[in-house]
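Peer 1: predicted model and sequence below, questions to follow.
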Amino acid sequence: MLRSLILVCCLLASVVEAGKEPMVIIISMDGVSHNMAENLSLTAFKRMEKFGIKADHMIPVYQSTTYPAHVSMATGVYPNRHGILHNHFIDTQQGRFSYDADANWIEVPPIWVLAEQQGIKSAVFFWVGSETDWHGVGASYRKAPFDPNIKEEQKIEQILKWVDMDKVNRPRLIMSYWDGTDDLGHIDGPESPRVSQQLRRQNKLLQDLITAIDVREAWGHLTLIVVSDHGMAEVNNYINLEQLLRISGIPAEISAGPAVAHIFLQADDIEQAKDFLSKQEHLAVYTKKDLPDAFHLNHPSRTGDIVVTTAAPNMFSSFGQPKGMHGYRPETPDMWGIFYALGAAVVPRKIGPVHQVDIAPTIANILGIEMPDDTEGRVIKLGE
């Protein structure tokens, strides 16, 4: 039976079933690194690779943390455009953002908003920016507020209820955030046995979802995409920027992620602070006007007067000493995530690297959603 279903999946990969409109399910697994593909026991991922598409890796935005990554995947633009520079940041006009549920912090429309505006129902079970309406528009179906105690079994049950809806009510875009391996990667480091065990759990749950799609014989119109927001690097050196600036005697307001810190200063103190910090080990220091364009971090009201960066095994930390961390430059291999696709829109093959800003345009291409003209990502070629 399973072999027959796999054959059906392959034969119908580029065919939409009569009367069935295209549907996309996208799952994001937090903190899963691209090198997990080497694990042969991950049978669900191996099936997606064999009968679908596996990218060599997915390149994250900078800094490679959960909030900017998920918003970039949902909008098709970089953090300087959508405005979510990190999980927390300072806006000189609006104040502090810290894991805020208000979608209006996002400065361009997410893909589920574009879908709804164009008559396509969407459903979101935990995705950054989905908990409230964006300028009055939200997903037709959503689970909120975020609750870390809700596990994947409940998410799968709800996803399948959405899939099983009648044509009039069924969402054609379903997005869900899964636990991935992030928490244990921070606690134990990326190579720990508990990370491997958690990855096997995620694989088993993914297999449950795939099997449920098999049973529904839905591959002729449904495309499943599995991604992650970032990888994980080992860390062992913890830099306390607040303490350094206290030593300097320069008054400053700091918003620091693990790898990028925005420092807000009085105009007369900028050069002195830059000179002081440039003399410290493991730091690269930029004024706002000198930030490389490739960082995509220069936002009108959310970028510090000085931006300080570091690389693994260093991290910015005023408390705690995790063994694993992310947030580093996109070209850092440890930061690379995963991209898999299986189903109706997919012709099986391997492809090279893709970028997080490519995800929204790719979903839009499958579903016939028109993206804004200034979208920065490109459509990933899944079909012929």
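Peer 2: Thanks, I have the structure now.

Peer 1: Val32: neighbour count?
Peer 2: A count of nearby residues for Val32, using other CB atoms under 10 Å, gives 28. From N, CA and C alone the C-beta is placed, and that goes for glycine too.

Peer 1: got the contact list for the helix or strand hosting Glu157?
Peer 2: Using DSSP states H and E, Glu157 sits in helix 152-163. Counting contacts by CB atoms under 8 Å, 6 or more residues apart in numbering, the residues outside helix 152-163 that touch it are 23, 25, 123, 125-126, 141, 143, 170-171, 174, 176, 178-179, 202, 205, 208-209, 212-213, 216, 218, 222.

Peer 1: helices - which of those land there?
Peer 2: Judged by DSSP state H, helices contain the following of the contacts of helix 152-163: 202, 205, 208-209, 212-213.

Peer 1: possible to save the residues you listed as JSON lines with pLDDT and distance to Asn104?
Peer 2: Below are these laid out as JSON lines (pLDDT from 0 to 100; distance: CB to CB, whole Å):
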{"residue": "Gln202", "pLDDT": "97", "distance to Asn104": "32"}
{"residue": "Leu205", "pLDDT": "98", "distance to Asn104": "33"}
{"residue": "Asp208", "pLDDT": "98", "distance to Asn104": "36"}
{"residue": "Leu209", "pLDDT": "98", "distance to Asn104": "32"}
{"residue": "Ala212", "pLDDT": "98", "distance to Asn104": "35"}
{"residue": "Ile213", "pLDDT": "98", "distance to Asn104": "35"}
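
Peer 1: neighbour-wise, which one of these leads?
Peer 2: Neighbour counts for these (other CB under 10 Å) peak at Gln202, which has 24 neighbours.

Peer 1: isn't that residue right next to Asp179, touching?
Peer 2: Yes: with contacts counted by CB atoms under 8 Å, Gln202 reaches Asp179, the gap being 7.2 Å.

Peer 1: which neighbours do the two have in common?
Peer 2: Shared contacts of Gln202 and Asp179, defined by CB under 8 Å, 6+ apart, are found at 29, 152.

Peer 1: so where's this structure shaky on pLDDT?
Peer 2: Applying pLDDT under 70 to the chain flags the ranges 1-19, 37.

Peer 1: how is it divided into domains?
Peer 2: 2-82+105-234+330-367, 237-321 (automatic domain parsing).

Peer 1: tabulate those (a markdown table), appending distance to Gly383.
Peer 2: A markdown table is the format used below for the domains of the chain (distance: least, CB to CB, whole Å):
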| stretch | distance to Gly383 |
| --- | --- |
| domain 2-82+105-234+330-367 | 5 |
| domain 237-321 | 29 |
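
Peer 1: most tightly packed of those?
Peer 2: domain 2-82+105-234+330-367 (a mean of 20; mean count of other CB atoms under 10 Å).

Peer 1: take the contacts of helix 152-163 and keep only those in strands.
Peer 2: The strands, defined by DSSP state E, take in 23, 25, 123, 125, 141, 143, 174, 176, 178, 222 from the contacts of helix 152-163.
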